[in-house]
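>>> Pasting a predicted model and its sequence here:
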Amino acid sequence: MSRLPIRWKLTLAFTLALTIVLTAVGVFLHFQLSTDVDHEIERDLRTRAAQLSGLLMREPISSLPTAAAEQLEPDETIAQILTPTGGVVAATAYADVQLLTPEQLRDAAVGEVFVDRPGDQQLDESLRIFAMPVQARDETFIVVVTDSLDERSQTLTSTLGVEVVGLLAALI
């Protein structure tokens, strides 16, 4: 039976301990980044919904914006004003696409709703959707705004790649 020299045993023990610690730190940082990005997206959606709600209360429906910002692809950010039954009153893009299921629409008619919608044939972007009820003109409307989750995925994927490379470099 061959015995490993003490140097090798210490080196292996240190490498194992370092791997565990660096992996734990990497997992924590990745989780923290994911949480921070999600909070930023949700804050942005709430802000945009509040702005659209303010417009809905102050302006005639015919003057509400119906075109997306030029620097964004139409399916990266969508804003819709809906009736409680799902009828589109105004939309920046994709007025013919139903973003919420009937159940989600019912929930949005009584409170705020966040939903993640994967890309499909109608919209190739994965979206985070925020919907909330708004009382305006003695009626209830549902304001729906979206933001792309594809950039979030790209950010988290590239960060994970950097973390893995960093872990390997530290171990070498």
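Looks like it arrived, so ask away.
>>> right, and the helix or strand after the strand or helix carrying Thr11?
Take DSSP states H and E as the rule and Thr11 turns out to sit in helix 6-58. Per DSSP H and E, the first helix or strand lying C-terminal to helix 6-58 is strand 79-82.
>>> next SSE after that following strand?
Using DSSP H and E, the first helix or strand after strand 79-82 is strand 88-91.
>>> same for that following strand, what does it pack against?
Where contact means 3 or more CB pairs under 8 Å, 6 or more residues apart in numbering; DSSP states H and E, strand 88-91 is packed against strand 79-82. Where you see a C-beta, it was placed from the backbone N, CA and C, and this is true even at glycine.
>>> Partner strands of the strand it packs on, with direction?
Strand 79-82 sits in its sheet next to strand 88-91 (antiparallel), strand 139-148 (antiparallel), going by DSSP bridges.
>>> Can you report the mean pLDDT over the residues of that strand?
The predicted model assigns strand 79-82 a mean pLDDT of 88.
>>> what ranges of the chain fall below the confidence cut-off?
1-2, 60-76 (pLDDT under 70).
>>> cutoff 80 now
Scanning the chain for pLDDT under 80 picks out the ranges 1-2, 59-76, 121-124, 137, 170-172.
>>> my read: Ala136 touches Glu59, true?
No: counting by CB atoms under 8 Å, Ala136 does not reach Glu59; the two are 9.8 Å apart.
>>> of those two, who's got more company?
Ala136 (17 against 12; other CB atoms under 10 Å).
>>> How about that one: which residues does it bridge to?
Residues in beta-bridge contact with Ala136 (DSSP bridges): Glu139.
>>> And it, how far from Arg128?
24 Å (CB to CB, to the nearest Å).
>>> What of Phe28?
Applying CB to CB to Phe28 and Arg128 gives a distance of 23 Å.
>>> Could you do Arg137 as well?
28 Å.
>>> ok, these two, which is more surrounded?
The residue with more neighbours, out of Arg137 and Arg128, is Arg128; 19 against 11, by other CB under 10 Å.
>>> Next up, the contacts around the more buried one.
Ile41, Glu42, Leu45, Phe114, Val115, Asp116, Arg117, Thr146, Asp147, Leu149 (CB atoms under 8 Å, 6 or more residues apart in numbering).
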